[in-house]
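# Kindly return the folded structure for what I paste below:
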Amino acid sequence: MGSKEAFRRIIFCVLFLFLLLFCMGCKCLTSEVNGTQLAVLKVDVSAQNARKIPDTLFGIFFEEINHAGAGGIWAELVSNRGFEAGGPNTPSSIEPWSIIGNEYTISVATDRSSCFSRNIIALRMEVLCGDCPAGGVGIYNPGFWGMNIEDGKSYSLVMYAKSSENTELIVSLTSYDGLQNLSSATLRVPGTSNWTKLEKKLVAKGTNRTSRLQITTNKKGVIWFDQISLMPSDTYKGHGFRKELVSMLLDLKPQFLRFPGGCFVEGNWLRNAFRWRESVGPWEERPGHFGDVWGYWTDDGLGYYEFLQLSEDLGAAPIWVFNNGISHNEEVNTAAIDPFVKDILDSLEFARGSKNSTWGSVRAAMGHPEPFPVKYVTIGNEDCSKKFYNGNYLKFHSAIREAYPDIQMISNCDGSSKPLDHPADLYDFHVYGDSNTLFSMKNKFDNAPRTGPKAFVSEYAVSGNGVGRATLLASLAEAAFLTGLERNSDVVQMASYAPLFINDNDRAWNPAAVVFNSWQQYGTPSYWMQTIFRESSGAMLHPVTIDSVYSNSLAASAITWQSSNGSFLRVKIVNIGFNPVNLMVSTTGLKASVNTRKSTVTIFTSKNPSDENSFSNPTNVVPVTRELPDAGEELSAFLGPCSFTSFDLALGQ
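Numbering: from 1, shown residues only. Predicted structure coming up:
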């Protein structure tokens with residue numbers, strides 16, 4: 001250490017001692033008058049006390065909830081494209097499809113004439129008018145609260161139709177009231193008893209955020225329709241995902257993707273649970289199902305294969321959560337669970353089997369001959385208390401371990417306080433609560449067993465009354481919780497916020513990380529908080545201590561991480577209190593000098609702890625990064641009330 005650095009340390013210590021004595025002698029006058037606190041954060045960067053954080057620590061959890069997939073990240077624009085949502089009874093409701101015309105000009109009803117064996121419902125449309133109104137009569141679909149159609153972009157229309165006579169159809173993209181025509185094309189249905197697949201590329205000449213697809217004709221007669229799909233041509237990598245939503249996920253740098261639920265996996269009743277084999281293969285042949293927990297129909301265009309593809313596109317390890325014979329209201333006796341076990345073994349063959357295997361060949365036919373690297377499975381969701389869970393779990397565990405010894409299995413039972421009574425590689429841990437609960441949970445794993453299965457905190461969030469639509473205060477409590485997970489990453493291997501997405505038109509579970517509608521999206525404070533942790537996975541963790549009589553409102557952690565610009569020491573500290581803090585950061589054990597020119601500080605706060613983001617003000621609460629000219633082994637800083645601060649000290653060679 002040079003004489004200049006030694007002098008700097010002496011000055012730092014003298015200044016700190018003076019402030020401490022002054023505060024004590026004046027009965028902490030500063031705190032009483034101005035509400036300013038004093039805290040010292042010590043960081044030990046010595047190599048002998050450092051510990052590597054698991055590469056998998058922070059990821060994301062996708063559940064089909066809040067129309068996160070249907071009408072969300074899955075870019076299909078048509079809602080109820082196969083007319084199956086009305087149920088198997090015919091005739092049945094075709095919502096949200098509606099007619100163009102009236103009962104004197106057109107009649108529609110569902111029947112069982114489909115050419116697809118797994119989704120037998122089709123729509124029969126009878127045109128009653130011989131001299132139809134100008135523009136014709138027909139049907140239209142508004143999509144999911146309106147289709148976002150943009151000028152100059154193309155949309156791929158695929159549909160199946162049949163008619164006993166040659167018929168011309170006009171397919172159009174229009175405004176919600178049909179008055180603005182954005183694109184039109186003519187399709188010809190040959191007069192035959194067979195179904196005909198019709199395809200057309202529609203190019204928009206204009207923008208409308210609440211558009212609809214309409215199909216009309218002027219010819220009297222009967223036409224059947226089935227499996228009508230409209231997809232934007234510019235999906236992410238051509239895989240069917242909405243680009244702007246994928247981009248927000250990529251910005252989190254997720255190390256894993258847990259899917260497809262959540263309660264969505266269980267269903268209120270087993271008949272409505274997610275069935276992987278009914279969600280693979282050609283989209284036209286997928287029956288879809290009613291997600292009875294969250295109350296809406298999904299056509300399962302976003303199926304098991306697509307989740308695996310999304311994992312690959314994100315560079316995230318897939319974590320497959322499957323049903324173990326248990327719903328919210330039913331349980332399959334362990335004596336009868338073998339067919340469920342065989343079903344899951346088939347799902348793993350679909351993902352990991354060779355392209356010549358029975359199910360691997362189905363995957364290959366869908367366009368992915370190489371296996372997907374599924375190495376984690378979760379056996380059920382929140383089912384530990386169920387009567388047959390333990391017995392069912394052991395059946396799945398034994399069969400998967402024999403077939404795929406490298407797969408790590410995750411139990412629904414909490415092992416944070418006492419050992420599990422069954423074998424597991426990880427255990428699932430969920431926590432929801434108010435901001436006080438999540439902040440206090442920062443120490444949850446301090447005393448967790450250091451042997452046995454590790455924790456997968458697969459669902460955490462501040463939720464409930466007072467959280468609004470995701471506030472700054474909620475995100476600060478979550479940030480404090482995550483610093484605790486970092487500190488305990490020797491026993492916590494993974495963590496993910498829940499839920500990930502919320503369609504602004506369907507807030508069944510509030511809040512979420514990302515809010516969207518048909519054409520807009522923004523990150524909530526909880527989303528932006530997570531961006532400050534995106535370099536933590538695989539980083540080196542360093543011990544920290546906080547010296548302050550106000551430490552009950554502070555939480556901190558420290559890591560060193562690598563980027564293309566070099567090495568950085570990141571010191572994060574949350575101040576969830578309503579008083580500002582004069583902070584002194586002191587580091588020991590550094591083997592490199594601090595490069596002031598490249599060092600930065602990121603501050604995440606707002607004027608009011610209840611502040612939120614919105615479509616009209618999407619960046620109301622976001623992290624702000626600036627230079628840190630006083631960066632060094634010791635530095636002083638001012639922490640505003642209700643704030644999250646991250647110091648990135650650039651380290652020289």
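
# Could you pull up the residues touching the closest residue to residue 86 other than its chain neighbours?
Spatial nearest neighbour of residue 86, chain neighbours left out: residue 92 (3.3 Å); criterion: Cβ to Cβ, 6 or more residues apart in numbering. To be clear about C-beta, it is placed using only N, CA and C from the backbone, and glycine gets the same treatment. Taking Cβ atoms under 8 Å, 6 or more residues apart in numbering, we find residue 92 in contact with 86, 110, 121.

# Backbone torsions only: list them for residue 92.
Here is the backbone geometry of residue 92 (degrees, to the nearest 10): phi -140, psi 170.

# next one: residue 330
phi -140, psi 160.

# picking up where we left off before, how far away is the residue nearest to residue 86 from residue 100?
In this view, residue 92 and residue 100 are 20 Å apart by Cβ to Cβ, to the nearest Å.

# Lowest average confidence across helices and strands of the chain, where is it?
The helix or strand of the chain with the poorest confidence is helix 29-34; it has a mean of 35 (mean pLDDT, DSSP states H and E).

# SS state for residue 416?
Secondary structure, DSSP: H, G, I helix; E, B strand; the rest coil: residue 416 is coil.

# Look up phi and psi at the residue nearest to it when sequence neighbours are not counted.
Using Cβ to Cβ, 6+ apart and skipping residues adjacent in sequence, the residue nearest residue 416 is residue 448, 4.7 Å away. Reported as degrees, to the nearest 10, the phi and psi values for residue 448 are phi -70, psi 150.

# State the distance from residue 448 to residue 415.
Residue 448 is 8 Å from residue 415, by Cβ to Cβ.

# just residue 569 next, same as before
With distances taken as Cβ to Cβ, residue 569 is found 33 Å from residue 415.

# so how far is stretch 402-409 off the chain centroid?
In terms of Cα atoms, centre = their mean, to the nearest Å, the centre of stretch 402-409 is found 26 Å from the chain centre.

# Could you give me the buried positions within that stretch?
404, 407-409 (16 or more other Cβ atoms under 10 Å).

# Next step: these restricted to strands.
408-409 (DSSP state E).

# now the buried residues of stretch 402-409 as CSV including distance to residue 618 and pLDDT?
Shown next, in CSV, are those (distance: Cβ to Cβ, whole Å; pLDDT from 0 to 100):
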residue, distance to residue 618, pLDDT
404, 43, 98
407, 40, 98
408, 38, 98
409, 40, 98
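
# Show me which of the buried residues of stretch 402-409 is closest to residue 78.
residue 407 (36.7 Å; Cβ to Cβ).

# Please report the distance of the closest one from residue 482.
27 Å.

# before we move on, the earlier item: closest one of the contacts of residue 92 to residue 252?
Distances from residue 252 to the contacts of residue 92, taken by Cβ to Cβ, are shortest for residue 86, at 37.7 Å.

# helix, strand or coil for the closest one?
Going by three-state DSSP: residue 86 is coil.

# same thing with residue 638?
Here residue 638 is recorded as strand under three-state DSSP.

# Looking at strand pairing, list the partners for it.
On the basis of DSSP bridges, residue 638 is bridged to residue 582.

# Count the neighbours of it for me.
For residue 638, the tally of surrounding residues (other Cβ atoms under 10 Å) stands at 12.

# got a list of what it touches?
Counted by Cβ under 8 Å, 6+ apart, residue 638 has contacts 580-583.

# which two from these end up farthest apart in space?
580 and 583 (9.5 Å).

# Enumerate the positions of the host helix or strand of residue 249 that are buried.
For residue 249, the element it lies in under DSSP states H and E is helix 243-250. For helix 243-250, burial by neighbour count (16+ other Cβ under 10 Å) applies to 245-246, 248-249.

# Among the residues you listed, which one lies nearest to residue 326?
For the buried residues of helix 243-250, the residue nearest residue 326 by Cβ to Cβ is residue 249; the value is 29.6 Å.
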